[in-house]
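Colleague: below is the structure, and that's it, no one-letter string:
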């Protein structure tokens, strides 16, 4: 399994993803700094901060840019995962509908949160079934998913809602960012693009206490699902059909 | 108590002069004549009152560099220490701004600490911050929230997890908001800008900024980090010096040894000063000392990453003087200032002051205060005060999961953040402590307590303290009284560091606002960061099983001076702070580490603000999500007045819970270590009870304590 990590250079976002994918998941993962760096990846993952997202998206109009390459591959069906501001970037590049805006009402949220898997018929939930409860942390000032009513209707109808915030027992409110319809993650119609408001990379290492307390490491399940999907495809079809 | 009271309570030491007049006298002695206005202005600029604190004897002792494995940048705001397969870098930063200022000023201290980390080439691992403000007592409530938000945003944008935020509220802060930050970073073996470059005559002194002043500090910090990484990769020999808050050029003077420094001016001193200050915002830039042929690389690297570099001057062979060139008008010709003037200061020996009968803070006797007639109401009252209320509200809004490596998140009420470093796998613990009220009552004791509390917080997690970092803020900084109190406080810090054998890796000092018309009387205080390491999973702080025995380790005294109980319930901030006994703290630390190693501890929590009662409430209510809350039945000690038993803040005490079958082993360990030991109750489901005096439902307790901070900050 080969990952291309698109994130601010030398940032904690990049380091965290590389560390988890390599050390915990035992996958191959390399930082992607230029358009050519995503060519051989089985999956591209995007994460970063707001300034990074702004400049990343702004460069997409340039055909030589990394953003352009990522978008082009995603439109051709390549697996693409956006986390946090990476999710916002996928929306801004029209790879996913709607937008990510500032949290409402809480300014910045940093907490483990509970979600329900709404759709398991996709590459991202091979190790899950509909109704499974996952726990991953929110860590954002802008993680609120917002879309027009018609878009929200379509997402629900077409099974594009991947994760939805649900309160855990005793918890008054799980959707602390204020997302429309409690959405925590959505898929594109082809199911190859996923945007997540939560951080799977911070819920993957079961040696960490906050992950242990959360039960099964949900982030690990997501990364395993992708790897399982890729492996299955590799056994079924030539690699190029994926990309 | 108002600020003025604080300032007037401690009289200046007999015969002591103001630091500013001492500096001037030294200058005139060195010149052999009366100084000119220009020379005095130059002196004041290079050695402002805040910089004088840096020359006090305890500071020099704290900044000793002959510690194995320790490397520190001149100026002292950042240092590194060997740890496993690399080096741990620790940096401090502090900022004081006025409530009416733009909130974007609040993160300057945090940015400063990140710039300091960048100066040694360390990748930031995380930072802890503390905000000191009048809070709910004044109009700074909204400002406090805005300051926290601004710092949180800077941290997120700069990719640095906040490992824990804290607040301290007191009316004495008036409209000042002080933000202290301690940041830690990691340097894998062979990485970073670790090699110290010895400046040589001819070297250029260059100001390097992460962009123009209108660039957000987060972006400036990131750019600076990248510029320095580029220079390190290209093996450009640089000495990077964070400039800190005390004196913009102080670190340069500290680095040049016996050489001289030339500053290239133009116009008058004021314009040179303004030019230097513009190029040297400590939260956006630093100083580089580089060989002449490196200047072109610096310029290119800065331009490539959106930064800016500007030459300030050069190192001169002719030593021990600062030369300001290019002055025009009445000040034409070079202005020379002997560096010795800036370095020398009589170093008075300062041993621990013996307090008189009433102590510095005056006497506050328990028998003169009425006993609460309703202990449940008193406990609720204390739990709702912002200084004792649950910090969860804060952690969940402003702190970050520390990348992939948070072993114990501060939202669990751990008192310390536990991290696993990415490359080395080492486990590092960081705890911040500091009690401004104790420091106001007795600076020596207050600063010492800050160290003890930090070390104890680490020990309750099973971590052994290995180093300290501190930032200390004093009064106005230009009067003898402040200097005398600063010296006492720093002596307390020094003696505590010595008692525990801990090097001080980084030390920042600052003063109050010099622009204030009236003296800003907030108490002098430190923020101490204790850094430790641990080799196993941390001991967690919450009760685990009904039936476990609750033990109190350490001696309880009727010490209520400076306590939250005295302040909130009796409206008194007078009295003596609790007694500190370094030997008792050491024994307690060793006992905890041994017990943790043997797996005897189900939970452990240090006693500090709020005393025993708050420690028990926290053990019941500060939990990670998904963990069941448990209550406790705690007895009242018959040998003490109940309010002192519950709320006094005696030091060197820890609350632990253990399996019933472990009690004998714990008693034996305590006896061996000569640590007072008492089984004071047991963990139970549903209720928290203190004898017959208090009986509260856990749910109510959790709500009262958990919601108070958000309500105090107007967030509901």
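Modeller: In hand now; what should we look at? Model, not experiment: these values are computed from the prediction.

Colleague: report the mean per-residue pLDDT for the host helix or strand of residue A:72.
Modeller: Assigned by DSSP states H and E, residue A:72 falls within helix A:66-75. Helix A:66-75 shows a mean pLDDT of 97.

Colleague: can you tell me the distance between the two ends of stretch A:205-215?
Modeller: From its first residue to its last, stretch A:205-215 covers 12 Å (Cα to Cα, to the nearest Å).

Colleague: now it, how far from the centre of its chain.
Modeller: With Cα atoms, centre = their mean, to the nearest Å as the basis, stretch A:205-215 stands 20 Å off its chain's centre.

Colleague: what residues does it touch?
Modeller: With contact meaning Cβ atoms under 8 Å, 6 or more residues apart in numbering or on different chains, stretch A:205-215 is reached by A:20, A:23-24, A:112, A:135-137, A:202-204, A:217, A:219-220, B:401, B:404-409, B:420, B:537-538, B:540, B:624-627. In this view, the C-beta of every residue, glycine as well, is placed from N, C-alpha and C.

Colleague: now, of the residues you listed, which are buried?
Modeller: A:20, A:24, A:112, A:135-137, A:202-204, A:217, A:219-220, B:401, B:404-409, B:420, B:537-538, B:540, B:624-625 (16 or more other Cβ atoms under 10 Å in any protein chain shown).

Colleague: in strands only, show me those residues.
Modeller: A:112, A:135-137, B:406-408, B:420 (DSSP state E).

Colleague: would CSV of the residues you listed with distance to residue A:76 be doable?
Modeller: Shown next, in CSV, are these (distance: Cβ to Cβ, whole Å):
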residue, distance to residue A:76
A:112, 35
A:135, 33
A:136, 28
A:137, 32
B:406, 37
B:407, 41
B:408, 44
B:420, 39
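
Colleague: which two in those are spaced the farthest apart?
Modeller: Largest separation among those by Cβ to Cβ: A:135 and B:420, giving 20.1 Å.

Colleague: by contact count, what packs against the longest helix seen in chain B?
Modeller: Criterion DSSP state H: the longest helix present in chain B is helix B:480-500. In terms of contact count using 3 or more Cβ pairs under 8 Å, 6 or more residues apart in numbering or on different chains; DSSP states H and E, helix B:480-500 is assigned the packing partners helix B:57-62, helix B:443-460, strand B:464-473, strand B:504-510, strand B:525-534, helix B:582-597.

Colleague: if we use 6 Å, what do you get?
Modeller: Applying 3 or more Cβ pairs under 6 Å, 6 or more residues apart in numbering or on different chains; DSSP states H and E, one finds that helix B:480-500 contacts helix B:57-62, helix B:443-460.

Colleague: among those, which is nearest chain A?
Modeller: When those are compared by Cβ to the nearest Cβ, helix B:443-460 sits nearest chain A, at 15.4 Å.

Colleague: burial measure for residue B:481, as a count.
Modeller: The tally of other residues near residue B:481 (other Cβ atoms under 10 Å in any protein chain shown) stands at 19.

Colleague: please point out which parts of stretch B:376-388 sit buried.
Modeller: Buried residues in stretch B:376-388, defined by neighbour count with 16+ other Cβ under 10 Å: B:378-388.

Colleague: greatest separation within those residues: which pair is it?
Modeller: B:378 and B:386 (16.8 Å).

Colleague: thinking again about what came up before, nearest to residue B:302, out of the helices and strands packed on helix B:480-500?
Modeller: Of all the helices and strands packed on helix B:480-500, it is helix B:57-62 that lies closest to residue B:302, at 32.9 Å by Cβ to Cβ.

Colleague: contact partners of that closest one?
Modeller: Outside of helix B:57-62, the residues within contact range by Cβ atoms under 6 Å, 6 or more residues apart in numbering or on different chains are B:347, B:490-491, B:494, B:504, B:507.

Colleague: buried ones from those residues, can you make that a PyMOL selection?
Modeller: Applying 16+ other Cβ under 10 Å to these, the buried members can be selected in PyMOL as follows:
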select buried, chain B and resi 490+491+494+504+507
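
Colleague: which of the contacts of helix B:57-62 scores worst on pLDDT?
Modeller: Among the contacts of helix B:57-62, residue B:347 carries the lowest pLDDT, at 37.

Colleague: can you tell me how far the closest residue to chain A within the stretch 1-150 of chain B is from residue B:165?
Modeller: Minimum separation of the stretch 1-150 of chain B from chain A (Cβ to the nearest Cβ) falls at residue B:149, amounting to 5.4 Å. Distance of residue B:149 to residue B:165, computed by Cβ to Cβ, to the nearest Å: 11 Å.

Colleague: follow-up on the earlier one: of the ones in strands among the buried ones among the contacts of stretch A:205-215, which is the nearest to residue B:671?
Modeller: residue B:408 (30.1 Å).

Colleague: and that closest one, what's its pLDDT?
Modeller: 75.

Colleague: got the phi and psi for the residue of the stretch 551-700 of chain B at minimum distance from chain A?
Modeller: As assessed by Cβ to the nearest Cβ, chain A sits closest to residue B:624 within the stretch 551-700 of chain B, at 4.9 Å. The phi/psi pair for residue B:624 (degrees, to the nearest 10) reads phi -70, psi 160.

Colleague: can you count the residues close to residue B:499?
Modeller: Neighbour tally, residue B:499, other Cβ under 10 Å: 18.
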